[in-house]
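[1] Structure for this input, please:
(2 chains)
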Protein chains: 2
Amino acid sequence: MFGVTILGNNSALPVYDRHPTAQVVTLNDQLFLIDCGEGTQIQLSRYRIRRSRINHIFISHLHGDHYFGLTGLITSFGLMNREADLHLHAPEPLKQIIDLQLAAADTRLPYTLHFHPLQNEGMIVDEEKFSVECFQVYHRIQCWGFIIREKKKARRINKETIHQHDIPTVFYENLKDGEDYINPAGEITQNEAVTIANTPARSYAFCGDTIYNENIADCVKDISLVYHETTYLKDLEDRAASRFHSTTIQAGNIATLANAKRLLIGHFSSKYETLDEFLAETKEVFPDTELALEGVTFIIS
Amino acid sequence: MFGVTILGNNSALPVYDRHPTAQVVTLNDQLFLIDCGEGTQIQLSRYRIRRSRINHIFISHLHGDHYFGLTGLITSFGLMNREADLHLHAPEPLKQIIDLQLAAADTRLPYTLHFHPLQNEGMIVDEEKFSVECFQVYHRIQCWGFIIREKKKARRINKETIHQHDIPTVFYENLKDGEDYINPAGEITQNEAVTIANTPARSYAFCGDTIYNENIADCVKDISLVYHETTYLKDLEDRAASRFHSTTIQAGNIATLANAKRLLIGHFSSKYETLDEFLAETKEVFPDTELALEGVTFIIS
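    Modelled structure (predicted):
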């Protein structure tokens, strides 16, 4: 299972029961939280998300609608007696803010909170089965995008043919890497005889608040699912630019340029009560678009 | 109109659609916000409260469930182009936290935020028609209670008799202060002939998170309506004490000792799904008790 669940899809002013930005990415048994606007812990409860499985939190930038729920969540983890380490990847100034808030409350967390400041583009988490990269987006203050990729071996075992060959199971990982097998007698089993090419690894990109910038398309090239903000409809392109935000058409353009498989749009301005036009306009440019509706999980395929 | 509207009545971990502490006190055209837990601005919208009329915010202490919604609200006031001054009365360390958060977001507020650190017990707001006092309560960290009092002249004009006397209207305020009127000819109108004694001024006391302490009863003596926390039912008195909180019975005792007219209870622990027992237990001690249910406005009489 690889999917993203939307907890908040609104821009700064919460309205119409839409909440500030927060998303949970599920990759098998791992949960990743991207942004943590005010009320995120309440949204986690509402959608019955197992918060104890969140080990990494990523904060795109320090506008409040993207992190004002964070210290509450961190504190609640403590009240719930969390013991597992928690990794927080965020712009540097957030550390001092959290430290001050915990000190003012005389709170000592019963678990270790690792703060990883976002400084350079590139890999920020590199585990056996997944990786996370960050890249720059273009907002009024420093702002980051994130890409979560599953890792897959190039090939997988062909269950129909493998038993016709006498290959020790300890060698299976080598087979997945494309190696041939040579038995003690020197006989060769060609890799292709016992493996098949794997499907490409899937990936999810979150592009934080940003003005239109085609560099982003390069960063998220060939992504399975890209989330790109659409704060405004296309007629407000000038306002979008002046506030370092994007329109529907611009998000569609980025997805097209990136050769993305699918596009998810959100961060809707509080001035819009309904969202149908966001979908219609973006689809003009990029048909495989969906609205980031709260409570919905989008499967990444 | 003098009343208090409950926006949040839960203790630290939000559950069962109960929110962290926040209350709005309405006194005629003035709104006062007491505490501002995470999600308060969403609750203000839900209950259609005219946030532009809030000119004073009081924060009892710096546990997150009492202020993590504050910087979001302050920022939203800015996004809504507020121009009126806003007065924030709170423990000193909050200033640095807010300053850091606003700086990290590169936010400049379009209105003036006056920060008034809570330092000594006594009057903190003294206006023509109301006053606000703070007093110490007893929690794990510095914590304050607040009393909002309407101000009334001692007497009011007797509309039935005033026209039988030739008294200039500019002297009416002196009459309300109890003075007799002497006309240019030296003739005296006794004050009692043209005024009647006013009803006592009404008052509301908010006792923030606190362990049981009878000093509080002295602070809120003869109050019209007192809010006192009841984090736990009576069987958990030891747990309440160890966490610097109170039980139902203890809140009822404070209201009794204070000679309060009515008692409002809240800050219910997340361990309780239903609240009926809180009401039943507190009423054993103090019958005029009500649950601080969210969305409900309690009129202060």
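[2] so what pLDDT did A:P200 get?
    Here, the pLDDT recorded for A:P200 equals 83.
[3] Setting the sequence-adjacent residues aside, check what's closest to it.
    The shortest distance from A:P200 to any non-neighbouring residue, by CB to CB, 6 or more residues apart in numbering or on different chains, is to A:K152 (7.7 Å). Where you see a C-beta, it was placed from the backbone N, CA and C, and this is true even at glycine.
[4] How about A:F115?
    Closest to A:F115 by CB to CB, 6+ apart is A:K95, at 4.8 Å.
[5] Outside of the helix or strand containing the one you found itself, list whatever touches it.
    According to DSSP states H and E, A:K95 maps onto helix A:93-104. With contacts defined as CB atoms under 8 Å, 6 or more residues apart in numbering or on different chains, helix A:93-104 is touched by A:59, A:62, A:67, A:70-71, A:74-75, A:88, A:108-109, A:113, A:115, A:117, B:62, B:64, B:91, B:93-94, B:96-97, B:100-101, B:103-104, B:141.
[6] Closest residue of the stretch 201-301 of chain A to chain B?
    Taking CB to the nearest CB, chain B has its nearest neighbour within the stretch 201-301 of chain A at A:S270, 8.3 Å off.
[7] Can you give me the neighbour number for that residue?
    17 (other CB atoms under 10 Å in any protein chain shown).
[8] Same question for A:S301.
    Quick note: A:S301 (other CB under 10 Å) scores 11 neighbours.
[9] likewise A:A90?
    Neighbours of A:A90 using other CB under 10 Å come to 25.
[10] Write out the residues of the stretch 1-150 of chain A neighbouring chain B.
    The stretch 1-150 of chain A comes close to chain B at residues A:12-15, A:19, A:38-39, A:41-42, A:45, A:62-65, A:68-69, A:71-72, A:75-76, A:79-80, A:91, A:93-94, A:96-97, A:100-101, A:103-106, A:140-141, as judged by CB under 8 Å from any CB of the partner chain.
[11] what about the helices in the stretch 201-301 of chain A?
    A:215-219, A:237-242, A:248-257, A:276-285 (DSSP state H, counting those that start in this stretch).
[12] Report the buried residues of the second one.
    Spelled out, it's helix A:237-242. A:237, A:240 (16 or more other CB atoms under 10 Å in any protein chain shown).
[13] any bit of it sitting next to chain B?
    No: using CB under 8 Å from any CB, helix A:237-242 never reaches chain B; the gap is at least 13.9 Å.
[14] Check which helices and strands that helix sits against.
    Applying 3 or more CB pairs under 8 Å, 6 or more residues apart in numbering or on different chains; DSSP states H and E, we find helix A:237-242 packed against helix A:248-257.
[15] Report the buried residues of the helix it packs on.
    A:248-255.
[16] In CSV: those, plus distance to B:Q23.
    What follows is these, written out as CSV (distance: CB to CB, whole Å):
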residue, distance to B:Q23
A:T248, 41
A:I249, 45
A:Q250, 43
A:A251, 41
A:G252, 46
A:N253, 48
A:I254, 45
A:A255, 46
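[17] So which of those is the closest to B:S301?
    A:T248 (53.7 Å; CB to CB).
[18] now the residues of the stretch 1-150 of chain A next to chain B: which count as buried?
    Among these, the ones that count as buried by 16+ other CB under 10 Å are A:12-15, A:19, A:38-39, A:41-42, A:45, A:62-65, A:68-69, A:71-72, A:75-76, A:91, A:93-94, A:97, A:100-101, A:104-105, A:140.
[19] State the mean pLDDT of stretch A:204-216.
    Averaging pLDDT along stretch A:204-216 yields 96.
[20] With only the CA atoms kept, save that stretch in CSV.
    Output of stretch A:204-216 as CSV, limited to C-alpha atoms (Å, rounded to 0.1, in the frame of the first residue of the first chain):
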residue,chain,number,x,y,z
TYR,A,204,4.9,10.9,-4.5
ALA,A,205,5.9,14.5,-4.7
PHE,A,206,4.6,17.3,-2.5
CYS,A,207,5.2,20.8,-3.8
GLY,A,208,4.8,23.2,-1.0
ASP,A,209,3.4,26.7,-1.4
THR,A,210,5.1,28.1,-4.5
ILE,A,211,4.9,30.6,-7.3
TYR,A,212,4.9,29.0,-10.8
ASN,A,213,8.5,27.9,-11.5
GLU,A,214,9.4,25.3,-14.1
ASN,A,215,12.4,24.2,-12.1
ILE,A,216,9.9,22.3,-10.0
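[21] is chain B contacted by that stretch?
    No: Stretch A:204-216 does not reach chain B (CB under 8 Å from any CB); its nearest approach is 11.4 Å.
[22] and the helices of the stretch 201-301 of chain A as TSV, adding distance to B:G8?
    Listed next are these as TSV, based on distance: least, CB to CB, whole Å:
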stretch	distance to B:G8
helix A:215-219	39
helix A:237-242	35
helix A:248-257	36
helix A:276-285	32
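[23] Figure out which of those helices is closest to B:A84.
    Closest of the helices of the stretch 201-301 of chain A to B:A84 is helix A:237-242, at 25.9 Å (criterion: CB to CB).
[24] Now do that closest one: distance to the chain's middle.
    26 Å (CA atoms, centre = their mean, to the nearest Å).
[25] again with stretch A:291-301
    12 Å.
[26] Also compute the angle for the helix holding A:K95 relative to helix B:93-104, please.
    Interaxial angle, helix A:93-104 versus helix B:93-104 (axes from the mean of the first three to the mean of the last three CA atoms, to 10 degrees): 170 degrees.
[27] Moving along the chain from helix A:93-104, name the first helix or strand you hit.
    Next element after helix A:93-104 (DSSP H and E): strand A:113-117.
[28] Would you map the strands across the stretch 51-200 of chain A?
    Applying DSSP state E, counting those that start in this stretch to the stretch 51-200 of chain A gives strands spanning A:54-58, A:86-90, A:113-117, A:122-126, A:130-137, A:143-150, A:155-157, A:181-182, A:188-189, A:195-197.
[29] With B:R53 as the reference, name the closest of those.
    strand A:143-150 (34.5 Å).
[30] Within its sheet, name the partner strands of that closest one and how each one runs.
    Using DSSP bridges, strand A:143-150 pairs in its sheet with strand A:130-137 (antiparallel), strand A:203-207 (antiparallel).
[31] Can I get those strands in a markdown table including mean neighbour count?
    As requested, the strands paired with strand A:143-150 are exported to a markdown table (neighbours: other CB atoms under 10 Å in any protein chain shown):
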| stretch | mean neighbour count |
| --- | --- |
| strand A:130-137 | 21 |
| strand A:203-207 | 27 |
